[in-house]
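Visitor: fold the following, please.
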Amino acid sequence: MLGTITNKKAISAYQPKTEVIEVTKKFKDNYQQGIDIITKPWVELNDRSVIDDMNRGQRMFNAYVDTSIEDPNEAWKWRGTRSKARNKAISMHAQLTSNYLLPLFLAQNENDEIDRDFSEVMRDIAEWLAQPCNSNYQSQFLQIVFSMMYNPVTYLGAEYCEVYQKIKDKTEDGKYEVKEILDEVLSGFNASIWGATEVLITNPYERNIQKQRVIIKRRYTEYSELEAKYSEHSNWPLVQKGIKSIYSEEDGLFYDVRDEDHPNLVAEEIELNRQEDTEIPMINGIYMGDDDVNANCIKHRDNFNAPKYNVIPFGYMRINDHFAYYKSMMNALQWDNMAYDAMSEIVFNRAVLENEMPIAVSGTDKVDSSVIFPNAVVPFEDKDTKITPLLPQSNIIQGFNALRETENSIDQGSINETMSGQLPDANQKAYNVAQAQANAKKNIGAIGKSLAESMVMYGDLMKDIIINHITAPQIEELTGGVMKMKYRTLVFNSKVDGEKILKFDNDLIGLKLTDKEKTKRNVGLYEKIKGVKNKVLRLINPEMFAKFKYLTKIDIEEMFTKSNEYMQPLLTALKAQLVQDPYVDQEKLTKKLLQSYFNSEAEDLMKDTDVLKQQILQQTKPNNQITNQMTAKAVANQM
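Guide: As a prediction, this is how the structure comes out:
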């Protein structure tokens, strides 16, 4: 979108109509405003720009060390990094991603009444949507948490695409014809990651992304990928790899400018304005919107047709009440990390000198490496020859103490070594270890709340995609040209309930069932899956499901994995206390208890349900011999 026109003769073949030029001028102004924001130094970022802070954080996380040495006399010095901040980031990432976070939903009707069934269904569909076979959500969730450690902000997008690809299909006569089919790789739900400089905003002091006047998403990608998306547009033949069409306000013409940094890629830049409900795509500066410039509506909408920005910012911790960007973990630990590396350099270099001390020799005898080696006995001819160390003896212990104090400071600002998986020192008291763990959990909890805040907003976008795309009907053509509405049936393995089948049934549309009718229908569903272990079948009214309002929330406890050692005594106590409770499924409770000890092998220890019922029945049958004795005794008493 921006560029310097150096050759006035390179007039572009792309010269759009007046309405598109006006849109382009507004686009260019908003684009420049966004670029100014990410290149301006900010006090909140230690007088660094967003780009500088991002580059600095990434270098620190990647353990970057400048190894270029100009003075050969300095080459012997240690110039590495201990990567303490990076190690803390990896440990923090492990804690925050112990589970793949998914939001919970509360379904509300027009009377603000909570519907538990629809709430669970929405959660189930979100879990189905996040499966690796249905989207890239899980892998992107891991990456977005990593990005929180070193970027001032990273955006996670939510979009649903239907992209078609051309294939060659062999006909009956042996020839090939070109057909279009749905591209399974590029289509469906996509959780895309956008870097700190790939999303431009217009207000750096507004934290809520939905309140930004304009956002611009920009990325460089392959020509073929965008061709699959925009090839039907009349302007697509004008797009060239590595060539941008730049508008000149001096003469109102567009000029071709070569992009030296990306000669083989194409720039996709999309401006979104939520208040005006506009979404304008530009490819290398060429307009790719609707022929009617007023018909470019934002694609992402909720179930009430309200437009939304489909990217959500993620970050490590907020800096102040208003600043849109975050303080990354590398930013928070940078001074301690720099101090630790600087002190390590001093200590290591001094240790080298202590072990290989430079010396001064006075006298006529030659003393060099030819005579300095283990167990060497060297007679001096000159009685005045003396060997004197050049450096005084140092107290290197003080350097290691400084390192230890710096390391403690890093622990206090992030996560301690015990939480990272290392055993505590033998001389540490259990109380001190427990206190350190408690402080680390508080830090993790604070960062977890920042992650949860973003995940709640992201769950709101997932909910929109579920209602507008996953549960929406598809047109199916039957024999004879008859058209029919077809709804999806979702099948997946739930972490809690085993195999689940969610079927959107168009026969339920318009039905109003009484409690008795609902009970009868539920009995019918039970009969369908009777005898099948760990299987849940739900029939859902798609029309009612789409009319509800869904509120999102996050369970912070999901971020902390409860180990088997933690669950074993808890489940054992529950099993003993609830063994007679009629409201508890004893089979499932027993299975969870065995899983805490044997994991996946717990299933081998469980009895078959039918065999168990027969054994219980045999135990409850009266013993014939005892019955006969009691009957005879009763008759004798009567006589």
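Visitor: and the residue nearest the centre of the chain, what element?
Guide: The C-alpha lying nearest the average C-alpha coordinate of the chain belongs to F141 (CA atoms, centre = their mean; 1.7 Å). Counting by DSSP states H and E, the element that carries F141 is helix 137-150.
Visitor: show me what that helix is packed against.
Guide: helix 50-61, helix 84-96, strand 154-157, strand 193-194, strand 311-314, helix 329-355, helix 430-465 (3 or more CB pairs under 8 Å, 6 or more residues apart in numbering; DSSP states H and E). For the C-beta atoms, the positions are set from N, CA and C on the backbone; glycine is no exception.
Visitor: I'd like the ones you listed as TSV, with mean neighbour count, mean pLDDT and distance to M282 appended.
Guide: Putting the helices and strands packed on helix 137-150 into TSV (neighbours: other CB atoms under 10 Å; pLDDT from 0 to 100; distance: least, CB to CB, whole Å) gives the following:
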stretch	mean neighbour count	mean pLDDT	distance to M282
helix 50-61	21	94	22
helix 84-96	21	86	36
strand 154-157	24	96	18
strand 193-194	19	96	16
strand 311-314	23	96	17
helix 329-355	18	82	33
helix 430-465	18	77	23
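Visitor: who wins for proximity to Q131 among those?
Guide: Closest to Q131 of those is helix 430-465 (CB to CB; 13.0 Å).
Visitor: about what we covered before: switch the helices and strands packed on helix 137-150 over to TSV; also include distance to A107.
Guide: Listed next are these as TSV, based on distance: least, CB to CB, whole Å:
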stretch	distance to A107
helix 50-61	39
helix 84-96	28
strand 154-157	24
strand 193-194	30
strand 311-314	22
helix 329-355	36
helix 430-465	10
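Visitor: on that earlier part again, return the alpha-carbon coordinates of the helix holding F141 using CSV.
Guide: What follows is helix 137-150, C-alpha atoms only, in CSV (Å, rounded to 0.1, in the frame of the first residue of the first chain):
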residue,chain,number,x,y,z
TYR,A,137,-6.5,-24.6,16.6
GLN,A,138,-4.5,-26.8,18.9
SER,A,139,-1.1,-26.2,17.2
GLN,A,140,-1.9,-22.5,16.9
PHE,A,141,-2.8,-22.3,20.6
LEU,A,142,0.6,-23.7,21.5
GLN,A,143,2.3,-21.1,19.2
ILE,A,144,0.2,-18.1,20.4
VAL,A,145,1.3,-18.8,24.0
PHE,A,146,4.9,-19.0,22.9
SER,A,147,4.4,-15.6,21.2
MET,A,148,3.2,-14.1,24.4
MET,A,149,6.6,-14.7,25.8
TYR,A,150,8.5,-12.5,23.4
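Visitor: tilt between that helix and helix 329-355?
Guide: 60 degrees (axes from the mean of the first three to the mean of the last three CA atoms, to 10 degrees).
Visitor: rewinding a little: so the closest residue to the residue nearest to the centre of the chain other than its chain neighbours: helix, strand or coil?
Guide: Of all residues not flanking F141 in the chain, Y100 sits nearest, at 5.6 Å (CB to CB, 6 or more residues apart in numbering). Secondary structure for Y100, judged by DSSP: H, G, I helix; E, B strand; the rest coil, is coil.
Visitor: show me what contacts Y100?
Guide: Going by CB atoms under 8 Å, 6 or more residues apart in numbering, Y100 touches 130, 137-138, 141.
Visitor: cool, K503 as well?
Guide: Contacts of K503 by CB under 8 Å, 6+ apart are 487, 489-490, 537-540.
Visitor: T385: which of the residues you listed is nearest?
Guide: L490 (89.8 Å).
Visitor: check which helix or strand covers that closest one.
Guide: With DSSP H and E as the criterion, L490 is inside strand 489-494.
Visitor: strands along the stretch 251-400 of the chain, start to end?
Guide: Using DSSP state E, counting those that start in this stretch, the strands assigned to the stretch 251-400 of the chain run over residues 254-258, 266-273, 278-283, 286-287, 311-314, 317-318, 326-327, 359-362, 386-389.
Visitor: ok so, going back, so the residue nearest to F141 versus K500, what's the distance?
Guide: Distance, Y100 to K500, by CB to CB, to the nearest Å: 17 Å.
Visitor: now do the phi/psi pair for the residue nearest to F141.
Guide: Dihedral pair for Y100: phi -80, psi 110, per degrees, to the nearest 10.
Visitor: before we move on, the earlier item: reformat the strands of the stretch 251-400 of the chain as CSV; add distance to N337.
Guide: Shown next, in CSV, are those (distance: least, CB to CB, whole Å):
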stretch, distance to N337
strand 254-258, 41
strand 266-273, 35
strand 278-283, 40
strand 286-287, 45
strand 311-314, 22
strand 317-318, 16
strand 326-327, 14
strand 359-362, 36
strand 386-389, 33
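Visitor: deepest of those, which one?
Guide: strand 286-287 (a mean of 26; mean count of other CB atoms under 10 Å).
Visitor: ok, residues contacting that one?
Guide: 14, 16, 20, 23-24, 235, 238-239, 245, 280-281.
Visitor: what is the most widely separated pair among these?
Guide: It's V23 and V239 that sit farthest apart of those, by CB to CB, at 17.5 Å.
Visitor: that older thread, contacts only, for the residue nearest to the centre of the chain.
Guide: 97, 100-101, 191.
Visitor: fine by me, thanks again.
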